[in-house]
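Enquirer: Sequence and predicted structure below; questions after.
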Amino acid sequence: MNEVILSVSDVKAAYGQSTVLWGASLMARKGAITTVMGRNGVGKTTLLKTIMGLVKTTAGEVRLNGRNITNLQPYRVTRAGIGYVPQGREIFPKLSVQENLKMGLEAAPGYKARIPEEEIYALFPVLKEFRRRLGGNLSGGQQQQLAIARALISGPSLLLLDEPTEGIQPSIAIEIGNILRRLAEEKGISVLLVEQKIDFARHVTDYFYFMDRGRMTREGAAGVLDFRELQEHIAV
Ligand SMILES: Nc1ncnc2c1ncn2[C@@H]1O[C@H](COP(=O)(O)OP(=O)(O)OP(=O)(O)O)[C@@H](O)[C@H]1O
């Protein structure tokens, strides 16, 4: 099995008095797609935000390539090598595609580096075609591609994605899934995905975790899990 890129160990987190993560643990491996599934509200988004330093942990540890990154400021987490594609994409609607991509550079380790345009546009040809179009005028699928491209600008070793297929038609979701597989297989980028759609998740995932009430309850390689049995567990 590939080396571990990310390890999350017994992480707890709360919003005020309300604890949401009750000792969540997982690992993500190099060049693999790891997916966390679970019902609404079990803490999947909070887990990603905790890894990014956007929500502070009250216990536990997050390590990237062996380095302790627990509770670092988000821009430092980005510079350490994690790209984040948040739920809802958070594209700047009044900025062009090119300008949106530039925003990703601010977090790059060599700040003011040039956008690796050829590489990005080879992965996302539609962004090249629409590079002067406003972010707000793109379709949902195109915005999702832009959000992934923006997160790649900083050259991450790990990409976190929060429900990238939400509100996107199935054929475009398959395209996005294919891009994620290429990133993992051709570029060795590790992916940690939070997803509700089981068909999409099965299409792209190497290793699954199932989350309930703030901790992982099941895990396994994609090929060995019995999804019929798990369906009920993860139904929205
Ligand atoms: N900023 C916040 N302040 C207070 N409570 C919050 C905040 N964000 C999330 N919560 C609560 O924390 C719990 C976990 O939310 P979270 O978004 O992490 O779950 P999720 O599994 O990602 O769900 P979903 O699939 O709906 O996004 C929920 O009960 C939610 O209401």
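Expert: Ah, there it is.
Enquirer: tell me which element the residue lying closest to residue 90 once chain neighbours are set aside falls in.
Expert: With CB to CB, 6 or more residues apart in numbering as the measure, residue 147 is the residue that lies nearest to residue 90, at 6.9 Å, once sequence neighbours are left out. Every residue, glycine included, has its C-beta placed from N, CA and C. Of the helices and strands defined by DSSP states H and E, residue 147 is found in helix 140-152.
Enquirer: Tell me the buried residues in that helix?
Expert: 141-152 (16 or more other CB atoms under 10 Å).
Enquirer: Buried residues in the lengthiest helix in the chain, which are they?
Expert: Counting residues, the longest helix found in the chain (DSSP state H) is helix 170-187. Going by neighbour count (16+ other CB under 10 Å), the buried part of helix 170-187 is 172-177, 179-181, 183-184.
Enquirer: now stretch 75-94
Expert: Judged by neighbour count using 16+ other CB under 10 Å, the buried positions of stretch 75-94 are 77-86, 89, 91.
Enquirer: Residue numbers of this protein in contact with the ligand?
Expert: Residues of the chain lying close to the ligand by CB under 6 Å from any ligand atom are 15, 18, 20, 38, 40-46.
Enquirer: Any of those buried? List them.
Expert: Among those, those scoring as buried are 20, 38, 42-46 (criterion: 16+ other CB under 10 Å).
Enquirer: Among those, which are located in helices?
Expert: 44-46.
Enquirer: Put together TSV for the buried residues of helix 140-152, with pLDDT and distance to residue 205 on each row.
Expert: Supplementary listing: the buried residues of helix 140-152 in TSV, determined by pLDDT from 0 to 100; distance: CB to CB, whole Å:
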residue	pLDDT	distance to residue 205
141	90	20
142	92	24
143	93	23
144	93	18
145	93	20
146	94	23
147	94	20
148	94	17
149	93	22
150	92	23
151	92	19
152	91	20
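Enquirer: And the closest residue to residue 191 other than its chain neighbours, its phi and psi?
Expert: The shortest distance from residue 191 to any residue that is not its chain neighbour, by CB to CB, 6+ apart, is 4.4 Å, and that residue is residue 33. Phi and psi for residue 33, reported as degrees, to the nearest 10, are phi -100, psi 120.
Enquirer: Let me see the ranges of the strands in this protein.
Expert: For the chain, the strands defined by DSSP state E occupy 4-15, 18-29, 33-37, 57-64, 67-68, 82-85, 158-162, 190-194, 207-212, 215-221.
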